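Student: got a predicted model here, sequence first, then my questions.
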Amino acid sequence: MPTRPAPVDVSAASSAAPIPTLWLAVALSMGAAISLGITRFSYALLLPPMREDLGWSYTLAGGMNTANALGYLLGALATPLLLRRVAPGRVLLVGAVLASVFMGLSGFFTAAPWLLLQRLLAGVASALVFIAGGLLAARLGAHAPGRSGLLLGLYYGGTGWGISLSALLVPGVLAAAGPVPHPWAWAWWALALACVAATAVLWWPAQALQVLAPPSASPTAFNITPPPATVRWRALAPALLGYGLFGVGYIGYMTFVVALLREQGASGGAITAFYALLGLAVVLSSRIWAGLLDRSRGGEALARLNALLGLATVLPALTGAWPVVLASGLLFGVVFLSVVASTTALVRHNLPQALWASGISAFTIVFAAGQIVGPTVVGWIADGPGGLARGLVFSACALWVGALVAWRQKPL
């Protein structure tokens, strides 16, 4: 009868056979590429052709990402319970497979209710991937304290690979599909295949980190069963609220910025370059903010990054000048996933390891709740006077208020 592999004590074995932490983090980042870069953010590229083909309002178009965020919230609520019984590596792989399936199914429907259901189910799957991957990244970082900020940044920066791949893949598939009915369906299928390829890459870190011993000996290393919470969660209220407002604000930009650029007359090539460069900026952000994440034990990092993100969000609402728009995309890409990484770092700095899963999940829940509100509200605003530009001003204001609130967070 096969037995479970024994945990590897990295601290004792590192001199003989060190685990390649950087490469593990890069491979693990394919989880972020699937859960956010492809499953969620590729939709910005598909929104304009789907809206034109299916006759959607901006409210309904935004509702698609609201459904995705609702699914993400449901997945975030379920993941801690699942992690008590199932190893995080297995949760990561199952979630990635399910996300691939639901992305592919989205190409088979044109009725809004079915598409909303597919976006919701994809959101559930992406939460499984994102939380399990974040937990593994935090565990990996605990074995390399001097590089923990970089390792977390590399994981979350994987979202950028998904964004850049989507930016290159979707326009090419739409052009190749030509005059066939609903050409956007082919883009969904191509994105599903990209998820399958990323899932194959995830197999290695999922297996390697499954046998990674926790920094402190614990009988719950693989099946996390948090003890009764001793942390006063009210003490984290400023960071949680600031992060929820981040969810409200950033998702409006990532849902509608491509549609705004099209309204402003940007060419297809320019939009592809804009979105691809935004994704590459996300990847580079892991290096830029690593030191800040290691030093900040309160809400300073979250506040500063939220404020910068608000500036990036408001720029295309003020002008369609291409240098300003490009600067907006680069600044947004450099900052927005580091906001997510900052909350994982906050959890790691302030909570015992046994509560990491609960802490990451708590931040993920408020993040998802903000994302539920953001797309539909921005779409509703965009259907009225002022259009998409006014919607992005609302997003920027939410981010700036989030910065002010997060600044009040003190280390526990």
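Tutor: Thanks, I have the structure now.
Student: and Ala317, what is it in contact with?
Tutor: Contact partners of Ala317, counting by CB atoms under 8 Å, 6 or more residues apart in numbering, are 260, 388-390, 392-393, 396. Quick note: C-beta positions are derived from backbone N, CA and C, even for glycine.
Student: most neighbours among those residues, please name it.
Tutor: Highest neighbour count within the contacts of Ala317, by other CB atoms under 10 Å: Leu392, with 27 neighbours.
Student: surely that residue is in a strand?
Tutor: No - following the definition DSSP: H, G, I helix; E, B strand; the rest coil, Leu392 is helix and is not counted among the residues of a strand.
Student: just give the nearest non-adjacent residue to it, would you?
Tutor: Closest residue to Leu392 in three dimensions, ignoring its sequence neighbours and counting by CB to CB, 6 or more residues apart in numbering: Ala317, at 4.0 Å.
Student: what do you get for Ala190?
Tutor: Val173 (4.7 Å).
Student: how close does that neighbour sit to Pro49?
Tutor: Taking CB to CB, to the nearest Å as the criterion, Val173 is separated from Pro49 by 11 Å.
Student: joint contacts of these two?
Tutor: Residues within reach of Val173 and of Pro49 at once, by CB under 8 Å, 6+ apart, are Pro183.
Student: give me the element the closest residue to Leu128 other than its chain neighbours is part of.
Tutor: Beyond its immediate neighbours in the sequence, the residue positioned closest to Leu128 (CB to CB, 6+ apart) is Gly95, lying 3.0 Å away. Secondary structure from DSSP states H and E places Gly95 in helix 88-105.
Student: about what we covered before: ok, the residue nearest to Leu128 to Val86 distance?
Tutor: Between Gly95 and Val86 the distance, using CB to CB, works out to 11 Å.
Student: more crowded one of those two?
Tutor: Between Gly95 and Val86, counted using other CB under 10 Å, Gly95 has the larger neighbour count: 28 against 17.
Student: from memory the more buried one sits against Ala122, does it?
Tutor: No - using CB atoms under 8 Å, Gly95 and Ala122 do not qualify as a contacting pair, with a distance of 10.4 Å.
Student: okay, now the unreliable bits of this protein?
Tutor: The model of the chain has pLDDT under 70 over residues 1-19, 144-146, 148-149, 211-232, 286.
Student: burial count for the nearest residue to Cys195 once chain neighbours are set aside?
Tutor: Closest residue in space to Cys195, ignoring its immediate chain neighbours: Ser100 at 3.8 Å, by CB to CB, 6+ apart. Burial of Ser100 is recorded as 24 neighbouring residues (other CB under 10 Å).
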